[in-house]
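Trainee: fold the following for me, if possible:
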Amino acid sequence: MKKVQLGKSDIYVTPVTFGAWAIGGWMWGGADRKQAVEAIHASLDLGTSSIDTAPIYGFGRSEEIVGEAVNGRRDIEEELLPWSMKNDVSILAYSPLQRGLLTGKITPDYEFSEGDLRPNTPYFSPENIRLVNRFLNGIRPIADEHNVTIAQLVTAWTLAQPGITVALVGARNRKQVEDNSAVMNLNILEDEIALITDKLNQLKLKL
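Mentor: Numbering: from 1, shown residues only. You can find the predicted model right below:
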């Protein structure tokens, strides 16, 4: 399969890549999830090396479909992290709090504002919210030990992962900015990181 070089980097991709805007549905009259997954599978099977997606593509729906499609087919993390660390390429972790789901503030009966599309995604189903909160309650003692919030602990854990340079954490007000900034002075122990990772690996969502 022919590949082209991206600028002056060492990255080579196929000249035609999979554009995942349309499968997000927004501005495209909707999209069938099953057909979208099949389309991504076909693209990968035919040799396409790259997939373009973004949060604005269906307000997260495109990213979720891409994640579903590549799960079990290509271990992106195992390929990306070693390459990035070997080549001194930074990884910016987008939405480490999963759009608020990992803050511990979202409950199964949470009332989302009008226009908020999160409840329309699988991650925010009542069952998955319960499963996530059970996981968060399991690591809450670590947060309490450090006198921090669950959100701060999750962000600190993210930054402690190999290859992660920056966590992109949103904020709506000054208090959230202050909480986010405080994470830079938070040092969680290696055994605490391992415990969180172990509990996270046991979390199985219904997607």
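Trainee: helix or strand with the lowest mean pLDDT in this protein?
Mentor: Counting by mean pLDDT, DSSP states H and E, the chain has its least confident helix or strand at helix 76-86, which shows a mean of 75.
Trainee: after that helix comes which helix or strand?
Mentor: strand 91-94 (DSSP states H and E).
Trainee: can you map out the strands along the chain?
Mentor: 4-5, 12-13, 18-19, 51-52, 91-94, 164-168 (DSSP state E).
Trainee: which of those strands is buried the deepest?
Mentor: Compared across the strands of the chain, strand 18-19 shows the largest average neighbour count, a mean of 17 (mean count of other C-beta atoms under 10 Å). Where you see a C-beta, it was placed from the backbone N, CA and C, and this is true even at glycine.
Trainee: which strands or helices does that one pack on?
Mentor: If contacts are counted by 3 or more C-beta pairs under 8 Å, 6 or more residues apart in numbering; DSSP states H and E, strand 18-19 sits against helix 33-45, strand 51-52.
Trainee: picking up where we left off before, can you give me the buried ones in the least confident helix or strand of the chain?
Mentor: residue 84 (16 or more other C-beta atoms under 10 Å).
Trainee: what residue ranges in this structure score low on pLDDT?
Mentor: Within the chain, the set of residues satisfying pLDDT under 70 comprises 25-31, 72-78.
Trainee: please enumerate the helices of it.
Mentor: 33-45, 61-70, 76-86, 126-146, 150-159, 174-182, 190-201 (DSSP state H).
Trainee: for those helices, give me a markdown table that also has distance to residue 105.
Mentor: As requested, these are exported to a markdown table (distance: least, C-beta to C-beta, whole Å):
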| stretch | distance to residue 105 |
| --- | --- |
| helix 33-45 | 28 |
| helix 61-70 | 21 |
| helix 76-86 | 27 |
| helix 126-146 | 10 |
| helix 150-159 | 8 |
| helix 174-182 | 11 |
| helix 190-201 | 18 |
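Trainee: so which of these is the most packed in?
Mentor: Taking mean count of other C-beta under 10 Å, helix 150-159 is the most buried of the helices of the chain, at a mean of 22.
Trainee: nice, that's everything, thank you.
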